[in-house]
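Participant: Return a 3D structure for these sequence lines:
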Amino acid sequence: MKQQKLSSFIDQKSPPMNMIQLPSMMVIGMEIVFEHKIFPEYQASRQLWQTFNHRLQQIPNRKKTKGWEKWGILYHQFDETQQKILKYMACVEVSDLKFQIASMVGLQIPSLHCQKHIHRGALIHLPETLDHITQQKRQKNIEPEPLLPPPPLIIDHLEHYDHRFHWSKPSSEIRLYIPER
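Facilitator: Numbers count the residues shown, from 1 in each chain. You can find the predicted model right below:
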């Protein structure tokens with residue numbers, strides 16, 4: 001199997017530092033916890049998405065959109081001892097967080113100032129794209145200042161899935177939003 005070059009995974013038509021303001025949103029979905037991982041393992045996140053997709057109809061207050069839209073969110077939360085916990089959430093935007101659905105969680109995502117990138121290609125290559133973006137930030141000395149005390153939720157990145165996404169097609173597209181800190 002011929003491997004795609006990394007540069008083909010990132011949209012070369014838009015500037016690498018395309019900044020946008022993502023509006024706040026409420027999401028409901030399923031999450032998994034990762035210990036000592038920088039990015040969730042492909043197989044674990046794929047299983048999460050498959051389970052979530054089967055349960056999607058249980059969410060009665062999904063926001064209506066043209067076609068379908070889903071979000072993948074990689075974030076950190078801190079426990080009572082200030083220990084950082086890495087989580088990944090497969091979710092959809094909802095109109096409110098009133099509904100309690102077994103084994104699902106709700107989050108209020110604040111408005112975020114983000115770099116927008118596009119990953120093109122199979123989902124299995126998404127970690128490579130995110131590593132490339134992280135290295136670009138380091139080269140430009142765009143490193144976040146440490147926050148003291150840490151906020152209860154730190155969003156590492158958001159993945160926006162819509163009709164352009166396909167699990168393994170080279171033409172697949174995922175919108176990536178990397179919050180500025």
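
Participant: For this protein, which helix or strand comes out least confident on mean pLDDT?
Facilitator: One helix or strand of the chain scores below all others by mean pLDDT, DSSP states H and E: helix 126-139, with a mean of 80.

Participant: Go through that one and flag the buried ones.
Facilitator: By 16 or more other CB atoms under 10 Å, the buried positions in helix 126-139 come out as 126-130, 132-134, 136-137. From N, CA and C alone the C-beta is placed, and that goes for glycine too.

Participant: again, but for stretch 78-90
Facilitator: So for stretch 78-90, counting by 16+ other CB under 10 Å, buried means 86-90.

Participant: Can you name the residues that contact Trp92?
Facilitator: Check again: residue 92 is Val, not Trp. Val92 makes contacts with 27-29, 56, 59, 62-63, 69-71, as judged by CB atoms under 8 Å, 6 or more residues apart in numbering.

Participant: which SS class is the closest residue to Leu107 other than its chain neighbours?
Facilitator: For Leu107, ignoring the flanking residues on the chain, the nearest one in space by CB to CB, 6 or more residues apart in numbering is Val27 at 5.3 Å. At Val27, secondary structure determined by DSSP: H, G, I helix; E, B strand; the rest coil is strand.

Participant: Phe52 versus Val27, what's the distance?
Facilitator: According to CB to CB, to the nearest Å, Val27 and Phe52 sit 12 Å apart.

Participant: Could you do Arg164 as well?
Facilitator: 19 Å.

Participant: same question, Ile73
Facilitator: Ile73 is 12 Å from Phe52, by CB to CB.

Participant: same question, Pro60
Facilitator: For Pro60, the distance to Phe52 - CB to CB - is 15 Å.

Participant: So for these two, which residue has more residues nearby?
Facilitator: Between Pro60 and Phe52, counted using other CB atoms under 10 Å, Phe52 has the larger neighbour count: 21 against 11.

Participant: And that one, its phi and psi?
Facilitator: phi -60, psi -40 (degrees, to the nearest 10).

Participant: The one 5 residues further on too?
Facilitator: Phi and psi for Gln57, reported as degrees, to the nearest 10, are phi -70, psi -10.
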